[in-house]
Every structure is written in C-alpha cells, then in structure tokens.
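> Structure for the following, please:
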Amino acid sequence: MSGRLIIVDWGTSSFRAWLVDAGSGAVLAEIGEGLGMRALSRDGFAAYCHERLGPWRDGVTPVYMAGMVGAPQGWQQAPQPPLPATPESLSRDVVAVAGMAGVFIIPGVRVASADPAKADVMRGEEVQIFGALSLVDWDYAVLCLPGTHSKWADVEGGVLTRFSTSMTGEVHEVMLAHSVLGLAADRDAPFAEVAFEAGLAQSVRRGGLLNHLFSARARGIHGDLRAEDVASYLSGLLIGSEIAAMAPLYASGAGEILLVSNDRLAVPYGAAFSRAGLAFRHVTAREATLAGVTAIARLHAPELFSEAVS
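Next up, the predicted model:
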C-alpha cells in the first residue's frame, strides 16, 4: 500500500478524480473534468482510466470509483442492494474491477417495494449523502442532491432509509434541446435571476407543470420573456415544481435541509428554498464525494489507512 488513495466520480457525462493522502485526507492532485462514459465505448473504459490515472498509481495506489461507472451500461456492474444502507453495508458490497488490480467500484442502492410504483435507484449520490453527513456531524437529516436526476433522501440515525428521484435537470435539458421551448432560447445565456424568480412564481400557480411549461413559449412570443431568459425561467418552473412536490414528503417538520451540490446549482436551489420558507445548509458535492468515498474505502481496506498513519 502507498498511503495514498485515488477517488473517482465517473458518470454518464463527466469524469472527476482526486489523489488523496489516506492519512490526512489532503488532496494532492485533481482532475477536474474528463470524458463521461457516454463519450467512450465499453471496451475503452480501462484504457481511459489507465491514461488518466496512470501517473498517480505507481502500480499500487488503490482506486475507488463511484457513480454510473457501476451501472449495467458502465464499466463493470456493481450491486445495487435495497435500503436501508450505511457506509458499512456499502463497503461490504464493493466490487473489484476485473483485469485491473487495486481498482474498485462502490455499489449503488435502491428502493425495494412490493409496490412497483415506489421503485427507485441511485448510483453516486449514496456516497455524497454519507460524506455530507460526516462533514456536518449529523445523524438525522433530510437531504436534497440536485442534478440531472435530483434526489431527496431521509437519513435516520446514520441510516439511509428512503429517497425519491425527480428528473429535473434532464427535463430541463430535453425541453431546451428537443422541444418547441428551445426554438427561441439562448441556451448559453447566463443565469437570469428575475426570470428564474418568475418561473418559481409560475410553478405554484394552478394548472400543473405541463401547463406551466408552455407558458415559456407563450410568454416568449407575446409576453415578457426574452431569449436569454428562457433557460432560467424554465429552471424556476422545474425546481419550483420539484420542491413543491418533495418538500411535503421529506421536509415537513424538518429543520435545515442539507443541500449537496456544486456551487452553480446551489444558487437557484438556495433561492427556491428561501422562497418556499425552507431553511437549508450547503455542502459542496466535491467535498461530500471525497468524504464519503474515503469513509467507505477506510471500511473496505483499513490496512491502507493504518499504514498511512503508522
């Protein structure tokens, strides 16, 4: 063992990696962006991983990966055991990547129910959930993890007990790229706070999301919505609708919601929470991933960490 650890967050659209000192947790080097799995063929995953991480490995540094890399369409399928889940249970289901020594994939989790309508799955957010909790030293929390597929989760006594998924980010992308709403939109425009607030206000009016979505089209043609406002207005509609649906299920009676996201998404979600009268605390997805994967690696390979501090 080298006393060092490589952490990888590898998803459909992105690749991020960190070289970490196992003893102190200090980040020694970082790859901020790389190719997601969608940009590679399945037989190219191993070569790409070796290309990006080879200079860090020295033949012995272990690699722990989380995210869609363990999905059926990923590099190698990792388990997706049913809830409840803890860092200890996840560490027991870590899988070794075939043909690449010292490389491991952390499992995802799923909601199992006799009612098929309640089925749900996640890969990658589970490590962020436990990492974020460790950073704020909470054992009980309601969490929101926005993104392509936004997750809301309950943790009770350090145990992940339930979660739900909203396709907020993906619907936003699809609407702008493949629907009439994107015809007059400037997709590269910066975030427009006034337009976002207008979308939030629209999201709580009567009519429902399908009706509200078309308001972006009508307001763009004969109203007050400029091309550079459309994407932000649509974000307000979708995030407002997500919070209106999820908050009664998760945040009723809760204190602060633990928001786990990058800084870019923290801005609109923070504004939406405040408008809805919900208190929140922000932890960056980067720090949550580092803390969560490190904790699971420590449970899976304690000898790495004992050597690092000896």
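> Next one: Gly67 relative to Asn211, how far apart?
35 Å (CB to CB, to the nearest Å). Heads up, the C-betas are built off the backbone N, CA and C, glycines and all.
> Show me which of these two is the more surrounded one.
Remark: of Gly67 and Asn211, Gly67 carries more neighbours, 26 against 11, as counted by other CB atoms under 10 Å.
> With adjacent residues omitted, what lies nearest to the more buried one?
Excluding its sequence neighbours, the residue lying closest to Gly67 (CB to CB, 6 or more residues apart in numbering) is Gly124, at 3.7 Å.
> any idea how far the one you found lies from Ala78?
Counting by CB to CB - Gly124 and Ala78 are separated by 11 Å.
> now Pro62
Here the criterion is CB to CB. By it, Pro62 lies 16 Å from Ala78.
> try Gln128
Separation of Gln128 from Ala78 (CB to CB): 16 Å.
> okay, the two: which has more neighbours?
A side-by-side neighbour count of Gln128 and Ala78, using other CB under 10 Å, places Gln128 first with 31 against 24.
> I'd say the residue nearest to Gly67 and Ala66 touch.
Yes. Using CB atoms under 8 Å, Gly124 makes contact with Ala66 at a distance of 5.0 Å.
> Name the residues contacting each of these two.
9, 289 (CB atoms under 8 Å, 6 or more residues apart in numbering).
> Report the central residue of this structure.
Using CA atoms, centre = their mean, the residue of the chain that lies closest to the mean C-alpha position is Glu125, 4.9 Å off.
> Identify the residues contacting that residue.
145, 151, 153, 163, 260.
> Counting by contacts, list what the longest helix along the chain packs against.
If you go by DSSP state H, the chain has its longest helix at helix 230-250. Packed against helix 230-250 by the contact rule (3 or more CB pairs under 8 Å, 6 or more residues apart in numbering; DSSP states H and E) you find strand 150-156, strand 159-166, helix 168-178, helix 193-203, helix 209-222, helix 263-275.
> Neighbouring strands - and their directions - for the first one?
Strand 150-156 pairs in its sheet with strand 141-145 (antiparallel), strand 159-166 (antiparallel), by DSSP bridges.
> and these as JSON lines, adding mean neighbour count?
Below are the strands paired with strand 150-156 laid out as JSON lines (neighbours: other CB atoms under 10 Å):
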{"stretch": "strand 141-145", "mean neighbour count": "24"}
{"stretch": "strand 159-166", "mean neighbour count": "18"}
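> Perfect, that will be all.
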